[in-house]
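Undergrad: With the sequence up front, the predicted model follows.
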Amino acid sequence: MNNPPTLQNMASSNEEIYGIPTMRIKSQEEQAIIAAQGAQVLSWTDPQGRERLYLSPQTLHLDPAQGNKSFGPAIRGGVPVCFPQFSDRGPLMKHGFVRSRIWDTADGSELSTADSASSSLFRFADDEGTRAHWPHCFNIQLHAEIGQGQLRIRLQVDNPGDAPFSFTVALHTYLRVADIRQTSLFGLQGVMFEDATKGMQKSVQQEEALQIPDETDRVYLNPPEKLSLHEGGKPSLIIEQQGFFDTVVWNPGPEKARALPDFPDGDWLHMLCVEAACAARPVTLQPGESWTGSQVFTVPG
Ligand SMILES: O=P(O)(O)OC[C@H]1O[C@H](O)[C@H](O)[C@@H](O)[C@@H]1O
């Protein structure tokens, strides 16, 4: 079986990946690569040297020459940040606009300078372009950290304005799996979900292990904080979330995969999105309030 290429050998200090400016962080044997576009984590190599995130080799991205002048295409893979709208659950562009904008490093430093650090902090705030679509003042920041077999991602949204606003949000994580047909997700038995492949019909998951034989697009409501991904019958990754009150599980399956212009036809076999989200109901922030959510991935010991 042909596995898609990984980024781990493409990384030098301040390189561009598929034309996207990136920052690299390191901790002993682990490394992660974060794009300035969307503060999107593109790659996480675990202590065994295995790439854990899926990134489409056909990914589209902003033209760096255009910078923040326009809302460009979204990067297909890694950990897209969906804000201030999840999917098409509202009037805005699908998954909101921050994944299609260039974020700043926390101290305004050059992307390459964090090369020796094990964490990164990116920020983005409202501007004329965002207010034309969504008339609110906001700050959003993403902190990503690796070490000891973990990738830890924390997202914070602040309301510095003088009016309340509501949003839906997700860390739309694309996990890389060797073969989706040998992959199961544990922890969702007995949890109610909305099924986007069946007009948002609500059901309760009966099976102990979720398998993905075909297109799967579910928003699980109030799931447990800890899920476990198994590959080839063995635990492969522990997935934990806090602050987010839904979990989305998405794989396009063979037919939808063929319809996605930025995704190889066969790559639905090598990925599974397990997304920490507030999707089914919004978060509301009063002036001066903040919301924080995190998603943590741990390689089992
Ligand atoms: O293709 P995108 O806009 O990146 O969205 C990819 C997918 O994201 C989420 O998982 C949604 O639940 C899916 O309905 C959607 O197809």
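TA: Received, thanks. Numbers count the residues shown, from 1 in each chain.
Undergrad: in what helix or strand does the residue of the chain found nearest the ligand lie?
TA: Going by CB to the nearest ligand atom, the ligand is nearest to Trp250 of the chain, at 3.2 Å. Any C-beta I mention is one placed from the backbone N, CA and C, and that applies to glycine too. Assessed by DSSP states H and E, Trp250 sits inside strand 246-251.
Undergrad: any weak-confidence spans in the stretch 101-250 of the chain?
TA: 107-116 (pLDDT under 70).
Undergrad: So which bits of it are right by the ligand?
TA: Proximity of the stretch 101-250 of the chain to the ligand (CB under 6 Å from any ligand atom) is limited to residues 172, 196, 217, 248, 250.
Undergrad: Show me how far stretch 224-242 is from its chain's centre.
TA: Computed by CA atoms, centre = their mean, to the nearest Å, the chain-centroid distance of stretch 224-242 equals 16 Å.
Undergrad: what's the answer for stretch 40-57, then?
TA: Distance of stretch 40-57 from its chain centroid, counting by CA atoms, centre = their mean, is 12 Å.
Undergrad: same deal with stretch 129-138?
TA: For stretch 129-138, the distance to the chain centre is 22 Å (CA atoms, centre = their mean).
Undergrad: now swap in stretch 244-259 and tell me
TA: The mean C-alpha position of stretch 244-259 is separated from the chain mean by 12 Å, CA atoms, centre = their mean.
Undergrad: Now do the strands in the stretch 151-300 of the chain.
TA: Secondary structure of the stretch 151-300 of the chain (DSSP state E, counting those that start in this stretch): strands located at 165-171, 174-176, 183-186, 192-195, 201-204, 209-210, 216-221, 226-231, 234-242, 246-251, 271-285, 290-298.
Undergrad: Can you lay out those strands as TSV showing mean neighbour count and distance to Asp127?
TA: Below are these laid out as TSV (neighbours: other CB atoms under 10 Å; distance: least, CB to CB, whole Å):
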stretch	mean neighbour count	distance to Asp127
strand 165-171	23	16
strand 174-176	24	28
strand 183-186	20	38
strand 192-195	18	33
strand 201-204	11	38
strand 209-210	18	40
strand 216-221	22	30
strand 226-231	18	36
strand 234-242	17	29
strand 246-251	24	28
strand 271-285	21	19
strand 290-298	18	20
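Undergrad: closest one to Ile146 among the ones you listed?
TA: strand 290-298 (9.6 Å; CB to CB).
Undergrad: got the angle for that closest one vs strand 226-231?
TA: For strand 290-298 against strand 226-231, the angle by axes from the mean of the first three to the mean of the last three CA atoms, to 10 degrees is 30 degrees.
Undergrad: what lines up beside strand 290-298 in the sheet?
TA: strand 150-158 (antiparallel), strand 234-242 (antiparallel) (DSSP bridges).
Undergrad: What angle do strand 246-251 and the last one make with each other?
TA: In this case it means strand 234-242. 140 degrees.
Undergrad: Adding distance to Glu128, write the strands paired with strand 290-298 out as a markdown table.
TA: Formatted as a markdown table, these follow (distance: least, CB to CB, whole Å):
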| stretch | distance to Glu128 |
| --- | --- |
| strand 150-158 | 19 |
| strand 234-242 | 33 |
